[in-house]
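>>> fold the following.
(2 chains)
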Amino acid sequence: MDIVVCVKRVPDTSEADVIIAKDERTVEAGDLVFDINEWDKYAVEEAVLLKEKYGGTVTAVTLGPDETEDTLRRCFATGADKAIRLTDSAFEGSDAAAIAKIIHQAVKDLKFDLIFTGTQASDDGYGQVGPVLASLLGTPHASVVTQVDIADGKARVQRELEGGLSEVVEVPLPAVFTIQTGINEPRYVSIMGVRKAAGKEIETAGLADLGLTAEDVGEKGSMTKVERLFLPPVTKEAEIIQGSPDEASTRLAQIIKDKGGFS
Amino acid sequence: MDFGLSKEQRDIQKAAREFAEAEFDKDYMLDLELNHKFPHELLKKACDLGFLGIDFPEEYGGAGYGLMEKALVCEEFGRVGGGVGTTVSTSHFASKIVLRSGNEAQKKKYLPSVCSGESLPVAGCFTEPDRGSDLVTFPLSTTAVKDGADYVINGPKTFISFADVAGFGVVLCQTDPEAKPPYRGHSTIIVDKPSEQPGITITDFVKMGWKSCATTQMSFSEVRVPQENLVGEENRGFYHTINFLDEFRVEIGACSVGTAQGAFEKALAYAKTREAFGRKIGTFQAISHKLADMATKIESARLIVYKAGWQFDKEGKVDPKLSSMAKWYPARVAVEVADEAIEILGGHGYMLENEVERFYRDARVYELIEGTREIHKNTIARSLLGKLE
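Modelled structure (predicted):
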């Protein structure tokens, strides 16, 4: 079972102050701490679990500058066998479709049974790279995957639907799956893993290596363009619930019910 | 001169941080605090990931990194766990005497189980009721006398961390009562599972903080251990112990830096969100300058610790003056920073659930263990002034 996992290095903005850069299209890196996208952590773990069960290899692929090697070393430390970094200044400004195009060029000639991406990235949240990549490769895909079982050259995958529902679909291989958080319990990076990662080579490939031109990537090769990034405006729609504890709790329960919190 | 960490060191730092943030659960630590429990489960997980054996040689089950990398782990565990982090990251304690001064058979017997966690924690039984850092003036009360193939150990030890749950302890004993000065008659002897040895009684102290680690009194009465348990040369135990402590103090310094950093981050987050008089309290100079002072002190303490760790890895030893600096100053910084963090959080800071008061109580022990602030200033001053008459 040879599996390619696409990973992205993202800023951790859970507790940090996000500052929009002057161009109004990016955020200031400043003191932000960068790490592997949360969804991708689960994707790597799922790939490594399948490799441990069926044998094969796990190849991690990312796109970005030198710093993104941290993310690939993390993949090595948690069980990946190979890593490829796609890097070129021309890639800047690429949207999900252009990124999928770049990754497609890098993986199309590799031997693989499965390609995993995270369901989405915690920075832009597009959730598009996996499906577009599948389309370019001409393989089936399943998104928001919460379980993967392999039998008879096919995958039976469970997908998360809205409202707590799930569905099970059978997908012939090779295929692309976008992996949902919670599918497994990602292992921690061990010191032995760090040691192992330090001795591994990361392959790199640029625009020309991938057989692409500047027209194919970046803003020119993208179907969408970020016009403006902004923080949500602060609104004053808070309701201060008045009354006795009984009245207040009844009102609170009603609000939660009205908003679909429970029925 | 390069102040940056290597890629590998950054990966280790990140791995330790991720583990600490996920596993040093607040409720779990509260349970340890209130019920004075040792974090066995957490320690086992840390060992399985190689954090405890990080600076032990690979041939004994370690990862073969150095003291600098171990310091990074101590710092990250301290940042999230305060004293709980210190309990976990320093639970190998006196096993390093075996590593540095033991014979091959002892290393093979004891060290793999230290790295795996099976023998952890390890106690270092040095201090006695009437002598802490003064090991030079009088002979030790704890004696080890040869009898057949054994040593027979008698005497008291006090302020001994981990003794109640230790896989083994290294006991500093007087083996030559006539030695002059007396410390030339000290020996370091391994005692397996102290709590299960006939003749050893262990009682726990009630103390201010660092409650995940029991601090105990031990009494040895006719305790027999084989002579092969002697670590290093007989009557050289004092030197084995001080060499070990020169190295180990750097780990305590790193735990202190981490504890300070953790308290600082809690105060910083609070100052950014808490409002008073219509403003975030961080906008008041009284608070912002406190934060500036705290950050400056932490950075200075961290640099001393890193330099000491770097020196040990480069030269195989730490200059005692630098070791003392890397111990007393970060410990003081941890206390001062945690104290200011309480001040910034106000009444909330005094409450157990907000952790900074525990960090303060935990930090206070860093100034006492492995030599008080005053003892370390003596060491530094002696190095600066020599035997000034």
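>>> give the contact list for whichever residue of the stretch 101-250 of chain A sits closest to chain B.
Relative to chain B, the nearest point of the stretch 101-250 of chain A is A:Ile191 (3.2 Å; CB to the nearest CB). All C-beta atoms are positioned from the backbone trio N, CA, C, and that covers glycine. By CB atoms under 8 Å, 6 or more residues apart in numbering or on different chains, A:Ile191 lies in contact with B:Ile12, B:Ala15, B:Leu49, B:Gly50, B:Phe51, B:Gly53, B:Ile54, B:Ala63, B:Tyr65.
>>> can you map out the helices along the stretch 1-150 of chain B?
Using DSSP state H, counting those that start in this stretch, the helices assigned to the stretch 1-150 of chain B run over residues B:7-23, B:26-35, B:40-48, B:67-81, B:83-89, B:95-101, B:104-116.
>>> what about stretch B:219-234, start to end distance?
End-to-end distance of stretch B:219-234 (CA to CA, to the nearest Å): 22 Å.
>>> please apply the same query to stretch A:189-203.
Start-to-end, stretch A:189-203 (CA to CA) is 21 Å.
>>> now for the longest strand anywhere in chain A, which elements pack on it?
Ranked by number of residues, the top strand in chain A under DSSP state E is strand A:141-151. The elements that strand A:141-151 packs onto, with contact taken as 3 or more CB pairs under 8 Å, 6 or more residues apart in numbering or on different chains; DSSP states H and E, are helix A:38-54, helix A:129-137, strand A:154-160, strand A:166-172, strand A:175-179.
>>> including distance to B:Leu140 and mean neighbour count, could those go into a markdown table?
Converted to a markdown table, the helices and strands packed on strand A:141-151 look like this (distance: least, CB to CB, whole Å; neighbours: other CB atoms under 10 Å in any protein chain shown):
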| stretch | distance to B:Leu140 | mean neighbour count |
| --- | --- | --- |
| helix A:38-54 | 53 | 22 |
| helix A:129-137 | 68 | 22 |
| strand A:154-160 | 66 | 18 |
| strand A:166-172 | 68 | 12 |
| strand A:175-179 | 61 | 26 |
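>>> spell out which parts of the stretch 1-150 of chain A neighbour chain B.
A:Glu15, A:Asp17, A:Asp35, A:Glu69, A:Asp70, A:Arg73, A:Arg74, A:Ala77 (CB under 8 Å from any CB of the partner chain).
>>> between the helices and strands packed on strand A:141-151, which gets nearest to B:Gly316?
helix A:38-54 (38.1 Å; CB to CB).
>>> check contacts around residue 166.
With no chain named, the answer covers chain A. A:Thr146, A:Gln158, A:Arg159, A:Glu160.
>>> not quite, go with chain B.
B:Ala166 neighbours (CB under 8 Å, 6+ apart): B:Pro121, B:Val122, B:Ala123, B:Lys193, B:Pro194, B:Ser195.
>>> tell me the confidence at it?
We have a pLDDT of 97 for B:Ala166.
>>> tell me the spacing between it and chain A.
24 Å (CB to the nearest CB, to the nearest Å).
>>> which one is that residue nearest to, not counting chain neighbours?
Excluding its sequence neighbours, the residue lying closest to B:Ala166 (CB to CB, 6 or more residues apart in numbering or on different chains) is B:Ala123, at 4.0 Å.
>>> which residues touch that neighbour?
B:Phe93, B:Ala94, B:Ile160, B:Ser161, B:Phe162, B:Ala163, B:Ala166, B:Phe168, B:Gly169, B:Val170, B:Pro194.
>>> make JSON lines out of the residues of the stretch 1-150 of chain A next to chain B and add neighbour count, secondary structure and pLDDT.
Below are these laid out as JSON lines (neighbours: other CB atoms under 10 Å in any protein chain shown; DSSP: H, G, I helix; E, B strand; the rest coil; pLDDT from 0 to 100):
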{"residue": "A:Glu15", "neighbour count": "9", "secondary structure": "coil", "pLDDT": "78"}
{"residue": "A:Asp17", "neighbour count": "11", "secondary structure": "coil", "pLDDT": "81"}
{"residue": "A:Asp35", "neighbour count": "18", "secondary structure": "strand", "pLDDT": "93"}
{"residue": "A:Glu69", "neighbour count": "19", "secondary structure": "helix", "pLDDT": "96"}
{"residue": "A:Asp70", "neighbour count": "17", "secondary structure": "helix", "pLDDT": "95"}
{"residue": "A:Arg73", "neighbour count": "26", "secondary structure": "helix", "pLDDT": "97"}
{"residue": "A:Arg74", "neighbour count": "27", "secondary structure": "helix", "pLDDT": "97"}
{"residue": "A:Ala77", "neighbour count": "24", "secondary structure": "helix", "pLDDT": "98"}
